[in-house]
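Undergrad: only the shape, not the letters, is given here:
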Ligand SMILES: NC(=O)c1ccc[n+]([C@@H]2O[C@H](COP(=O)([O-])OP(=O)(O)OC[C@H]3O[C@@H](n4cnc5c(N)ncnc54)[C@H](OP(=O)(O)O)[C@@H]3O)[C@@H](O)[C@H]2O)c1
């Protein structure tokens, strides 16, 4: 039985990850900003406090995890935020942009760094970064969304850098676009349901190996341009 860590498991794609993993009898740890507000429990699920934008919170989360388990097979860096979608150069707010970069880019780096000793110790372990096609420079045809796009491009680069370092540590690292998914972030018009996206993502993460490390896939398995 593998142990998975999902950041931001209280709603949206993260919550769906937890439901599907528990139904496969996997052990799950989630980090959420407000554990007391979690509206579901399970004997295979542990819930710890985590704000990925706060270094102290990440350190305390990693301490809670290491007191709880010696094994982390998969870390899914899922927590993320939008930037007030589709802003033009006249609309973008630099201070909000810094927070978006902190949550979406540095957040996954912080969490991965704090859990790296456990990932290395487990061996054959995986980091899956939930990115977005909006972070693809090649795909930036409609422009706008300076902060969100840049935060995911940065996450993609962090994925690539980590994948190189992970070769020596037996940790594979890849990033994934979940599709345009019907969640609070994706909105009601999104064509992909969370269960479809997460089913695809779990299948891909299960296939992730050191040989397939450092790559960028859509939930369907299609490889995406950087
Ligand atoms: N939905 C889409 O169409 C889509 C498309 C491409 C990529 N993605 C990516 O998929 C991931 C999940 O998105 P979603 O659609 O499920 O979004 P969502 O419904 O808005 O959920 C976002 C999750 O991230 C958590 N979060 C935000 N800031 C956090 C922080 N500082 N520390 C810890 N947790 C934090 C939220 O917790 P709170 O409840 O505490 O805010 C929530 O659990 C994100 O990385 C997003 O960028 C989504």
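TA: Done, it's in. Note that this is a predicted model, so its numbers are computed, not measured.

Undergrad: the ligand contacts on this structure?
TA: 7-8, 10-14, 33-34, 50-53, 78-81, 103, 130, 132, 177-178, 180-181, 183-186, 190 (C-beta under 6 Å from any ligand atom). Glycine gets a C-beta too; all of them are placed from N, C-alpha and C.

Undergrad: which of the residues you listed are buried, as a ChimeraX select command?
TA: Burial among the residues of the chain next to the ligand is assessed by 16 or more other C-beta atoms under 10 Å; the matching ChimeraX selection reads:
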select :7,8,10,11,12,13,14,50,51,52,53,78,79,80,81,103,130,132,177,178,180,181,183,185,186
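
Undergrad: show me the residues of the chain next to the ligand that map onto strands.
TA: Of the residues of the chain next to the ligand, the ones assigned to strands by DSSP state E are 7, 130, 177.

Undergrad: isn't the last one up against residue 216?
TA: Just to be clear, that refers to residue 177. Yes. If you go by C-beta atoms under 8 Å, residue 177 and residue 216 touch, sitting 7.3 Å apart.

Undergrad: joint contacts of those two?
TA: 131, 224 (C-beta atoms under 8 Å, 6 or more residues apart in numbering).

Undergrad: packing partners for the longest helix anywhere in the chain?
TA: Ranked by residue count and defined by DSSP state H, the top helix of the chain is helix 146-166. On a contact count with 3 or more C-beta pairs under 8 Å, 6 or more residues apart in numbering; DSSP states H and E, helix 146-166 meets helix 94-101, helix 107-122, strand 125-130, strand 171-177.

Undergrad: what does stretch 91-107 contact?
TA: So stretch 91-107 is in contact with 7, 52-53, 77, 79-84, 87, 146-148, 150-152, 154-155, 158, going by C-beta under 8 Å, 6+ apart.

Undergrad: repeat that with 6 Å
TA: Stretch 91-107 has contacts (C-beta atoms under 6 Å, 6 or more residues apart in numbering) with 52-53, 80-81, 83, 146-147, 151, 154-155.

Undergrad: if we can go back for a sec, just the ones in strands among the residues of the chain next to the ligand now: which is nearest residue 114?
TA: Nearest to residue 114 out of these is residue 7 (C-beta to C-beta; 11.3 Å).

Undergrad: what distance do you get for the closest one to residue 95?
TA: Distance from residue 7 to residue 95, counting by C-beta to C-beta, to the nearest Å: 23 Å.
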